[in-house]
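A.B. asks: Structure for this input, please:
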Amino acid sequence: MKQTSLAALTALLVFLVFVGGAAAEDGGGVGLLPFQGTQAAQVRQRVQNRLHANDVDLIPLKEVSAVAKKTNGWAPRARKLGASLLVRARIQKSGEKWIADVEMRNADAQRVKKFRTSSTTSNKVANRIASELVKSGLLPLVSDESAPQGAA
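C.D. replies: Here you go, the predicted model:
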């Protein structure tokens, strides 16, 4: 019985390490798929700017939008973009609140995180989305290796 429990625990640990490190191991950037809903394009641009300021390896919005228009499915889009992680959000205004439902999927189309955030303005909801994405620890950062090579 103890061996079975240990094997299951080991398998779970390996899975969590794989899912948590998938973004960094795949070597691809993050693609922000077109957001849906009220003022979605503005929110997406603000999230992109915040992530860029946090040195997240991002795929340009125009490139992501072009691939998203021509390709269906998470995995095919990730392959075409060379992305290790794709993010999608639905933005809606309910009364005085802005609500965002955000989903993160890896290159294999497996959901790695889903969350909901809300605020009183679209700008604040964009900041909260970006903050939650950074806190997840799943976003690949811009490689620091390029700085020493350029300086040498």
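A.B. asks: On the three-state scheme, the residue nearest to the spatial centre of the chain is what?
C.D. replies: Computing the C-alpha centroid of the chain and ranking residues by C-alpha atoms, centre = their mean puts Val87 first, at 4.1 Å. Three-state call for Val87 (DSSP: H, G, I helix; E, B strand; the rest coil): strand.
A.B. asks: For Arg44, which three-state class applies?
C.D. replies: helix.
A.B. asks: related to what we said a few turns ago, could you verify my assumption that the residue nearest to the centre of the chain touches Glu103?
C.D. replies: Yes - with contact defined as C-beta atoms under 8 Å, Val87 counts as touching Glu103 (7.3 Å). In this view, the C-beta of every residue, glycine as well, is placed from N, C-alpha and C.
A.B. asks: Quick check: Asn54 vs Val30, distance?
C.D. replies: 11 Å (C-beta to C-beta, to the nearest Å).
A.B. asks: just Thr120 next, same as before
C.D. replies: 27 Å.
A.B. asks: So between these two, which is more surrounded?
C.D. replies: Using other C-beta atoms under 10 Å as the criterion, Thr120 and Val30 rank with Val30 on top: 23 against 10.
A.B. asks: Please, where are all the helices along this structure?
C.D. replies: 2-26, 40-53, 61-70, 74-81, 122-135, 146-151 (DSSP state H).
A.B. asks: In the chain, what helix or strand scores lowest on average pLDDT?
C.D. replies: Sorted by mean pLDDT, DSSP states H and E, the helices and strands of the chain end with helix 146-151, the least confident at a mean of 42.
A.B. asks: I'd like to know how many residues surround Gln39.
C.D. replies: 18.
A.B. asks: Give me the nearest residue to it, chain neighbours excluded.
C.D. replies: Using C-beta to C-beta, 6 or more residues apart in numbering and skipping the chain neighbours, the partner closest in space to Gln39 is Ser122 (4.8 Å).
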